[in-house]
Each structure stands twice: as structure tokens, then as C-alpha cells.
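Visitor: Test case, fold it:
(one chain, ligands or ions: 1)
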Amino acid sequence: MAKLYYRYGAMGAGKTMDILKVAYNYEERSQKVIILKPKADTRDGKMTVKSRVDGLEREGMILESFMELPEETIKSYDCILVDEAQFCTKEQVFFFAHVVDDLNVPVICYGLRTDFQLNLFEGSKWLFALADTIEETKTICWCGKKATTNARFNEHGIVKTGEQIMLGGNDSYISLCRKHFCEGNLGPALKSGK
Ligand SMILES: [Zn+2]
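Guide: Numbering: from 1, shown residues only. Prediction:
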């Protein structure tokens, strides 16, 4: 029986690397797999799914376009992988549930838990609510503790106001433990907001 998975973690936890690995494993067994990404994420250009950790990449498909495909085509996949799933809408998460329950295709979503203000993203919220299996992919803060937050920063230190979605990489986000997020302490390598 197919399941809906949510694998969440802070930035830099290797989520995209894991997606590419899972895709490779399916294909190695001659199974058909596709990587989707919601339109809101255009960080690496339109269709490319690229791991910031090891630089690997491959072509994906925009989720919104995939949802328009006939069910026969959707059913032909052995596994559907979703990158940056925190950006999904409630409707899209319910679409995944439909694919799992009615078409019997497993859907594995990867994404963040919360935004730079510790609010749940819409996609994260509905995946936490609906997923059969919820797993954490881990990374660490500069202090060595588990990083559970994604802090946004600029040259003045940690940033706690602004739009929820601001795409960026290592130059504008850092994964921190809760204590150092609350303190705004970016660690010795970056200028601290304290
Ligand atoms: Zn820390």
C-alpha cells in the first residue's frame, strides 16, 4: 500500500541530495520516478533540482504542470518525489493524498519545517497533518546541537521581519539550534546580530 511521506529538516540537511539518491535507486531497479517542485521555488531556474550540498542535479517537473496530466500518466509512476514541499498549497498536499490513496503511488515530500520566523509553511502544515510517515533529516548548528531553524540574515545580523518567501542560499540563510535562533547568534563565522 502506498504512503505519503514528509521528510523535513533545516536547510543544509541534504534533503535534495536524498531525493536524487532515492530517484537513482528507483531507476536502478528500472522503476519510473519523477521529481516535482512547486512553482514558488525558482532558485535554480525552472526545472532543475539541484543539491546545494554536493552540487548534483537533474531535471524535474513543475508540480502545477504535473497536476494537469491525465491520471493514467500519473498512475504510471512508481514513485513521486517532491522537492521544496514547504511551498505547496493545501490543495496540492490533498492532491498528493489522492495520488497515494486512489492511484496507489507513493509520494515522498521533502521540505522545511518552519520559515525564518518559526511559522509553519502552508505546505509543511498540511504535510504534518496528512502524511502517513513523518521523518526528520538532521543537520547541526555551529555549536554542534541539532539545527531546527532556518535563520535569515544580512550584513547586520539575523533578520526577523519580511516576506515569508525570499529565495536564497548560504549567503542569506543559516541553520541554527533553537537557542541560537532565539538569541540571534549566528556563530563565530558570521557577524552576530547580538
Ligand atoms: Zn546552536
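
Visitor: where does this protein have low pLDDT?
Guide: 41-47, 51-55, 191-194 (pLDDT under 70).

Visitor: For this structure, which residues are neighbours of the ion?
Guide: Within the chain, the positions near the ion by CB under 5 Å from the ion are 141, 143, 145, 177, 180. For glycine as for every other residue, the C-beta is placed from the backbone atoms N, C-alpha and C.

Visitor: Output the residues you listed in TSV; the columns should cover secondary structure and neighbour count.
Guide: Formatted as TSV, the residues of the chain next to the ion follow (DSSP: H, G, I helix; E, B strand; the rest coil; neighbours: other CB atoms under 10 Å):
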residue	secondary structure	neighbour count
141	coil	23
143	coil	13
145	coil	13
177	coil	20
180	helix	23
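
Visitor: Taking the residues you listed, tell me the two that lie furthest apart.
Guide: 145 and 180 (8.1 Å; CB to CB).

Visitor: Contact partners for the residue most central in space within the chain?
Guide: Among the residues of the chain, the one closest to the centroid is residue 111, at 2.0 Å (CA atoms, centre = their mean). Listed by CB atoms under 8 Å, 6 or more residues apart in numbering, the contact set of residue 111 reads 6-8, 15, 82-88, 121, 123-124, 127.
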